[in-house]
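In: Generate a structure from the sequence data that follows.
(chains A and B)
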Number of protein chains: 2
Amino acid sequence: MNNSLIYEQKIIKYSREELIKLVKKAVSTSRFEHILRVETMALRLAESYQVNLEKASIAALVHDYAKERNDQDFIDEIMSKKLDPKLLNANNAIWHGVVGAELIKDELAVWDEDILNAVRHHTTGSPKMSMLEQIIFMADYIEEGRNFNGVAEARQLTFNNLQDGVRFQIKQTIQYLIERNKNVYPSAIDTYNAWVAK
Amino acid sequence: MNNSLIYEQKIIKYSREELIKLVKKAVSTSRFEHILRVETMALRLAESYQVNLEKASIAALVHDYAKERNDQDFIDEIMSKKLDPKLLNANNAIWHGVVGAELIKDELAVWDEDILNAVRHHTTGSPKMSMLEQIIFMADYIEEGRNFNGVAEARQLTFNNLQDGVRFQIKQTIQYLIERNKNVYPSAIDTYNAWVAK
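Out: Numbering: from 1, shown residues only, chains lettered A, B, ... in the order given. Below you'll find the predicted structure:
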């Protein structure tokens, strides 16, 4: 374990070690290692920006909890919880955040809406994001395993000014997708218009 | 007049000369000249792709008919025709197409829905566009007064394959906007996802 944080605030019913075990069972080894790196980065950012460390740890550990679930699990959850029917047109990239948050409630008993929103919005961002949401959004992007062109600049910006980091990621990601003729989620453009467009 | 086309199909109640006079009264001189250049280009494309020349002429002549109307005219039209209330959040760039089509019905008695759709969609495009819609979308982009970087390539592509031209414009326009941190209309991303994304 690369962090010695002990959960004392009773935000969830599990200890950090128990939560890590539950997450480890839900994902592949390489994704589990990514998740731990996201937690390390989220804790660094939370410390730097004076955000609740336990929430940052929990949100980071669960952010990809549902990433490897099959499509039917998400569809069942959308139906049984009467979520927005438009979600049925989405796919895993969107589902593992927005619908994943529901599975995290059901299966891990995480009820804190700030944590759940951090999960919901970690893929495309959102026009309004709390500090915790911004931290998870950025930690996922700049964790130490990432090595895309510009990652050093992204890290520097993010530790200098969290909002500048958010803007950098949003713009770079959309430019990357369009350059390669890849699909852009409408919610990612909503995020761009709110954060980047002047 | 740079074109000798005579309207014979009774698509609208006006002759081409009458329509030109009505359009001229509605816009500034520089915009009127742009409109005539769009018509010239639209007719060249319509001839090249065997699309109805009269429809191409009418759609080109009216496409910016409402561009110089004040905001209140659009808001009144949205209210009185009970158009999608979300349109109230838009601005002239969107209104002059989508709401402009309504003003064109009211004031110019243009009822052909293919022409009206060409007006509605000329700014952001649309996931599905008829040949006429594509021609107006492209003619507005590559008319002879345009001189942006890449316009020669855009013209060549468009005369070689209309759909390639449409894809080129959609991608270039969104890249241009994002490069400059400008707002991107959600409908433009819907168009991109339908036409460009693989």
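In: So for the single longest helix found in chain A, mean pLDDT?
Out: Across chain A, the longest stretch assigned as helix under DSSP state H is helix A:29-48. For helix A:29-48, mean pLDDT rounds to 98.
In: gap between that helix and the chain center?
Out: Computed by C-alpha atoms, centre = their mean, to the nearest Å, the chain-centroid distance of helix A:29-48 equals 10 Å.
In: Report the buried residues of that helix.
Out: A:31-32, A:34-46 (16 or more other C-beta atoms under 10 Å in any protein chain shown). From N, CA and C alone the C-beta is placed, and that goes for glycine too.
In: Which strands or helices does that helix pack on?
Out: Applying 3 or more C-beta pairs under 8 Å, 6 or more residues apart in numbering or on different chains; DSSP states H and E, we find helix A:29-48 packed against helix A:16-26, helix A:53-62, helix A:131-142, helix A:151-160.
In: mind checking which of those helices is nearest chain B?
Out: Closest approach to chain B among the helices and strands packed on helix A:29-48 is made by helix A:151-160 (15.0 Å; C-beta to the nearest C-beta).
In: Quick one: check the closest one for contact with chain B.
Out: No - using C-beta under 8 Å from any C-beta of the partner chain, helix A:151-160 never reaches chain B; the gap is at least 15.0 Å.
In: which outside residues touch that helix?
Out: A:45, A:48, A:138, A:141-142, A:164-165, A:168-169, A:172 (C-beta atoms under 8 Å, 6 or more residues apart in numbering or on different chains).
In: Which helix or strand lies directly C-terminal to that helix?
Out: Counting by DSSP states H and E, the element after helix A:151-160 in chain order, helix or strand, is helix A:162-179.
In: Next up, the contacts around the residue nearest the centre of chain A.
Out: Ranked by distance to the mean C-alpha position of chain A (C-alpha atoms, centre = their mean), the top residue is A:His122 at 3.3 Å. By C-beta under 8 Å, 6+ apart, the contact set of A:His122 is A:63, A:97, A:133, A:136-137, A:140.
In: Let's verify it: helix, strand, or coil?
Out: With DSSP: H, G, I helix; E, B strand; the rest coil as the basis, A:His122 sits in coil.
In: Please tell me the pLDDT value assigned to it.
Out: Listed pLDDT for A:His122 reads 98.
In: From A:Lys10, how far off is it?
Out: To A:Lys10, A:His122 is 24 Å away according to C-beta to C-beta, to the nearest Å.
In: What are the phi and psi values at the residue nearest to the centre of chain A?
Out: Main-chain dihedrals, A:His122, degrees, to the nearest 10: phi -70, psi -20.
In: so how many other residues sit close to the closest residue to A:Lys105 other than its chain neighbours?
Out: Computed as C-beta to C-beta, 6 or more residues apart in numbering or on different chains, the closest residue to A:Lys105 that is not its neighbour in sequence is A:Trp111, at 6.5 Å. Neighbour count of A:Trp111, defined by other C-beta atoms under 10 Å in any protein chain shown: 12.
In: How about A:Ala93?
Out: A count of nearby residues for A:Ala93, using other C-beta under 10 Å, gives 12.
In: need the contact list for it.
Out: A:123, A:185.
In: check which helix or strand covers it.
Out: helix A:92-98.
In: how much distance is there from stretch A:10-24 to the middle of the chain?
Out: 17 Å.
In: mind listing what's buried in that stretch?
Out: In stretch A:10-24, counting by 16+ other C-beta under 10 Å, buried: A:11-12, A:14, A:16, A:19-20, A:23-24.
In: Widest-spaced pair of these?
Out: Largest separation among those by C-beta to C-beta: A:Ile11 and A:Lys24, giving 19.8 Å.
In: how much space is there between A:Tyr7 and chain B?
Out: 40 Å (C-beta to the nearest C-beta, to the nearest Å).
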